[in-house]
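K.L.:
3D model of this:
(2 chains)
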Amino acid sequence: MSRLQVVSGKGGTGKTTVAAALALALATEGKRTLLVEVEGRQGIAQLFETEALPYEERKIAVASGGGEVFALAIDAERALLDYLQMFYKLGSAGRALKKIGAIDFATTIAPGVRDVLLTGKACEAVRRRDRQGRYVYDYVVMDAPPTGRITRFLNVNDEVAGLARIGPIHNQAQAVMRVLKSPETAVHLVTLLEEMPVQETADGVAELRAADLPVGNAIVNMVRPHLLDEDAVHDAANGRRAAVTDALKAAGVTGAAGLVTPLLEQAAEHAERVELEREQRKALNALELGAYELPMLSEGVDLAGLYQLAKELRKQGAGS
Amino acid sequence: MTLDSSARLEVDPLIDDPATRIIVCCGAGGVGKTTTAAALGVRAAERGRKVVVLTIDPARRLAQSMGIDSLDNTPRRVEGIEGGGELHAMMLDMKRTFDEIVEAHADAERARAILENPFYQSLSAGFAGTQEYMAMEKLGQLRAREEWDLIIVDTPPSRSALDFLDAPKRLGSFLDGKFIKLLMAPAKMGGRAGMKFLNVGMSMMTGTLGKLLGGQLLRDVQTFVAAMDTMFGGFRTRADATYRLLQAPGTAFMVVAAPERDALREAAYFVERLAEEDMPLAGLVLNRVHVSGAARLSAERALAAAENLDEGGIVDQGHGKTGVRDAAAVSPESPSAGHSPEAHPQVAEEPSESKNSRTQTTQEMTAGLLRLHAERMQVLAREQRTRDRFTALHPEVPVAEVPALPGDVHDLVGLRAIGDRLATGGRAPAGAA
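P.N.:
This is a model prediction of the structure:
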């Protein structure tokens, strides 16, 4: 399994949740994972119900079997200053650059540089080894920008190599691309069984493939159970109302007669949704990706829910 | 229950009021901002206003159905609008908008130099704030044309909802800023700036940045900056003007969210931020809210009843009798269910030999209906809790709830339905008691 797991997805599909669950799932049996955030939203801290993450790697969870999840919110400005310090021993000159607006320029404005710094930091964590030469993290999971921007974000080479044709940033971009385009990386796309997210997933897969970036799995999130098949619903709506009413009464439901219509309406909506989901599933299958499916948690995602999703991912083969 | 906790956002009075000139739809990604903006546009136009909807990144089929899937960066009239108004719609092309600004503010030769500059090409197509800036720029342009009496803007799918307020300022101040001026200095004066101090700072900085980014990029930036010289100042001024436009009395912000924790948290941030910036908030649009016509049957009772049926499926004997007794009991309250009269004979006609299996499937099916309902009620309860948290923080914000549709919307009929739900909260239909 690739050591850098990039999780993207359309807004609203729950990619931060999935990234966190994946980090937990991969941290089984004493393994250690790093969950990184690149968009400054502090979504990880909120999910794990801790205070805002600083710019340092910090343990945020223990997985079943003794594994550990560390988290890091990468800040482009800090990453650049670190970087300058590392290569140029800048010290106070770094502060001067900051004052003059150059750091702001380099991290916020100069196209692509910000992304090089963010992906660069993640790749550094992937390659980092301890004194014994072992990898410090078995896996790095990145909560990445949404599907619409993911290819551009990861494909820093095109962005930056064209602009900065020489120099350390150029070299950095090249080194990052080597990791990102290798089998060491897998880019997963989180989706729902709805038309727009599936369409966006298809577009995203095409873009990633065109850019030679390794596409991982489609992760279908918030899957709801199919409780009734359509035939039953049509059958019920056409002429079996009384029988249903009777069954409701037999089951001890009071006011059964008034409930049949709304219950059947709900069932019809359900049937319509099931049909739409079937089409979307077909569209997803056509992409020929691996897939994980995560259930909708009726109580919403809290810490316990996160562990439940992690368990589900492990059951479906994540980390094995 | 939900009605009492906060005021309802009344959409129709807002879009009917001629004093309302701009509506901005903002919120987290994936909550239905574009659909909300389009539905508001259709409704306002069909209620007689001359509307233009500026969308940023519409779903393909929605764009096609409105006839705005071609990227020509100008509003097109949408066909099929009923009533006296007009609906125009456009999809933002940020690069083209940027190009147009350059072309409008520089002579032909200079404009070409800018448009061909690699740094400019990257900035106009890729800079994280460009889309936001250009959306606001386009809004200003549309407003200045005075061709429409209502402009509805969808905001870009930013990394956070706040980007849309911050990015224009950031780009404006960057293009006007100290750093750019410094970069400009050597280009303007051949590297011999009057002030020694600045020169020292400059050489140290360009030296370092040159090493870091490569000299080529810096040279591109410098030529870009030199070519843009006449336009500087303009950007800050325009960003400021747009900001004031957003604060003006004719503007209304609608924060769009779905009843999910993250989306509502983002909505709460946005509400706070708008208040800080003195920007007029009309209210919160809560999309994809689940409702149930059978809400008086709780999830617990529905599940318990489903279990009864599972057990009852084995002991089937009493059912016929129960059925008869119940059939009689139903009649007084059955008028609500219009189909019952014709349904009764069906039960009676059931051939006796198939009755066992038929009864069992009816029971299974009814148990399925009950489980489905229990799931729905759990979703309702979760959404209610999420919503209550928001209302507790911001009881002053009026809310319009839009009941969920089973599928996606991609035509005028669907947008009209969303508009109806937006205006009525979907409470009008029967079963909402």
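K.L.:
Okay, strands next: where are they in chain A?
P.N.:
Chain-ordered strands for chain A, with DSSP state E as the definition, fall at A:4-9, A:32-37, A:58-62, A:68-73, A:139-143, A:185-191, A:215-223, A:290-295.
K.L.:
Distance check, B:Thr361 against chain A.
P.N.:
Taking CB to the nearest CB, to the nearest Å as the criterion, B:Thr361 is separated from chain A by 8 Å. Glycine gets a C-beta too; all of them are placed from N, C-alpha and C.
K.L.:
Contact partners for the closest residue to that residue other than its chain neighbours?
P.N.:
The shortest distance from B:Thr361 to any residue that is not its chain neighbour, by CB to CB, 6 or more residues apart in numbering or on different chains, is 7.5 Å, and that residue is A:Ala232. By CB atoms under 8 Å, 6 or more residues apart in numbering or on different chains, A:Ala232 lies in contact with B:Thr361, B:Met365, B:Gly368.
K.L.:
Smallest distance to chain A belongs to which residue of the stretch 151-300 of chain B?
P.N.:
In the stretch 151-300 of chain B, the residue that lies nearest chain A is B:Gly293 (3.0 Å; CB to the nearest CB).
K.L.:
Residues contacting the lengthiest strand in chain B, please?
P.N.:
Looking across chain B with DSSP E, the single longest strand is strand B:281-289. Residues from elsewhere that reach strand B:281-289 (CB under 8 Å, 6+ apart): B:7, B:9, B:14, B:23, B:25, B:27, B:31-32, B:35-36, B:252-259, B:267, B:271, B:274-275, B:383, B:387, B:390, B:397-404, B:422.
K.L.:
switch to 7 Å and redo it
P.N.:
Contacts made with strand B:281-289 from outside it, assessed by CB atoms under 7 Å, 6 or more residues apart in numbering or on different chains, are listed as B:9, B:14, B:31-32, B:36, B:252-259, B:267, B:271, B:274, B:383, B:387, B:397-404, B:422.
K.L.:
From B:Gly407, how far off is the closest residue to chain B within the stretch 151-300 of chain A?
P.N.:
The shortest separation between the stretch 151-300 of chain A and chain B is 3.0 Å, found at A:Pro262 (distances taken as CB to the nearest CB). With distances taken as CB to CB, to the nearest Å, A:Pro262 is found 20 Å from B:Gly407.
K.L.:
same thing with A:Gln5?
P.N.:
Taken as CB to CB, the spacing of A:Gln5 relative to B:Gly407 amounts to 32 Å.
K.L.:
for chain A, longest helix please?
P.N.:
What stands out as the longest helix in chain A, according to DSSP state H, is helix A:256-285.
K.L.:
circling back to that earlier point, which helix or which strand is home to the nearest residue to the residue of the stretch 151-300 of chain A closest to chain B once chain neighbours are set aside?
P.N.:
Closest residue in space to A:Pro262, ignoring its immediate chain neighbours: B:Gly293 at 3.0 Å, by CB to CB, 6+ apart. B:Gly293 belongs to no helix or strand when elements are defined using DSSP states H and E.
K.L.:
any idea which element the nearest residue to A:Ala247 once chain neighbours are set aside lies in?
P.N.:
Of all residues beyond its chain neighbours, the one nearest A:Ala247 is B:Thr366 (3.8 Å), with distances taken as CB to CB, 6+ apart. Counting by DSSP H and E, the element that carries B:Thr366 is helix B:352-393.
K.L.:
Also B:Thr237?
P.N.:
Under DSSP H and E, the secondary-structure element containing B:Thr237 is helix B:234-247.
K.L.:
again with B:Val24
P.N.:
If you go by DSSP H and E, B:Val24 is part of strand B:22-26.
K.L.:
Could you check the angle that strand makes with helix B:234-247?
P.N.:
Orientation note: strand B:22-26 sits at an angle of 100 degrees relative to helix B:234-247 (axes from the mean of the first three to the mean of the last three CA atoms, to 10 degrees).
K.L.:
pLDDT on strand B:22-26, on average?
P.N.:
Averaged over strand B:22-26, pLDDT sits at 94.
K.L.:
you'd agree B:Val291 is in a helix?
P.N.:
No. If the criterion is DSSP: H, G, I helix; E, B strand; the rest coil, then B:Val291 is coil and not within a helix.
K.L.:
In this structure it contacts B:Pro403, no?
P.N.:
Yes. Using CB atoms under 7 Å, B:Val291 is in contact with B:Pro403, at 4.9 Å.
K.L.:
quick one: low-confidence ranges for the stretch 101-250 of chain B?
P.N.:
In the predicted model of the stretch 101-250 of chain B, residues B:126-129, B:157-164, B:167-218, B:227-235 satisfy pLDDT under 70.
K.L.:
let's see 80
P.N.:
Low-confidence regions of the stretch 101-250 of chain B, defined here as pLDDT under 80, cover residues B:105, B:118-119, B:122-133, B:156-240.
K.L.:
What ranges does it have for its helices?
P.N.:
Shown for the stretch 101-250 of chain B, the helices assigned by DSSP state H, counting those that start in this stretch span residues B:108-116, B:118-126, B:130-145, B:163-176, B:178-189, B:196-213, B:215-228, B:234-247.
K.L.:
ok, back up a step: so who does the residue nearest to A:Ala247 touch?
P.N.:
A:Val244, A:Ala247, A:Leu248, A:Ala251, B:Leu309.
K.L.:
I'd like to know how many residues surround residue 114.
P.N.:
As the question left the chain open, I've gone with chain A. For A:Arg114, the neighbour count with other CB atoms under 10 Å in any protein chain shown is 23.
K.L.:
my bad, the chain I had in mind was chain B
P.N.:
What B:Ile114 shows, counting by other CB under 10 Å, is a neighbour count of 25.
K.L.:
and the longest strand of chain B, which strands flank it?
P.N.:
In its sheet, strand B:281-289 lies beside strand B:251-257 (parallel), strand B:399-403 (parallel), with partners assigned from DSSP bridges.
K.L.:
taking the mean pLDDT, what do you get for that strand?
P.N.:
Model confidence over strand B:281-289 averages 95 on the pLDDT scale.
K.L.:
tell me the angle it makes with helix B:352-393.
P.N.:
Here the directions of strand B:281-289 and helix B:352-393 differ by 160 degrees (the same axes, to 10 degrees).
K.L.:
what's the angle from the next helix or strand after strand B:281-289 to helix A:256-285?
P.N.:
Scanning forward in sequence from strand B:281-289 by DSSP H and E, the next helix or strand is helix B:299-312. If you take the same axes, to 10 degrees, helix B:299-312 sits at 90 degrees to helix A:256-285.
K.L.:
Who are the packing partners of helix B:299-312?
P.N.:
Using 3 or more CB pairs under 7 Å, 6 or more residues apart in numbering or on different chains; DSSP states H and E as the contact criterion, the secondary-structure elements in contact with helix B:299-312 are helix A:241-250, helix B:352-393.
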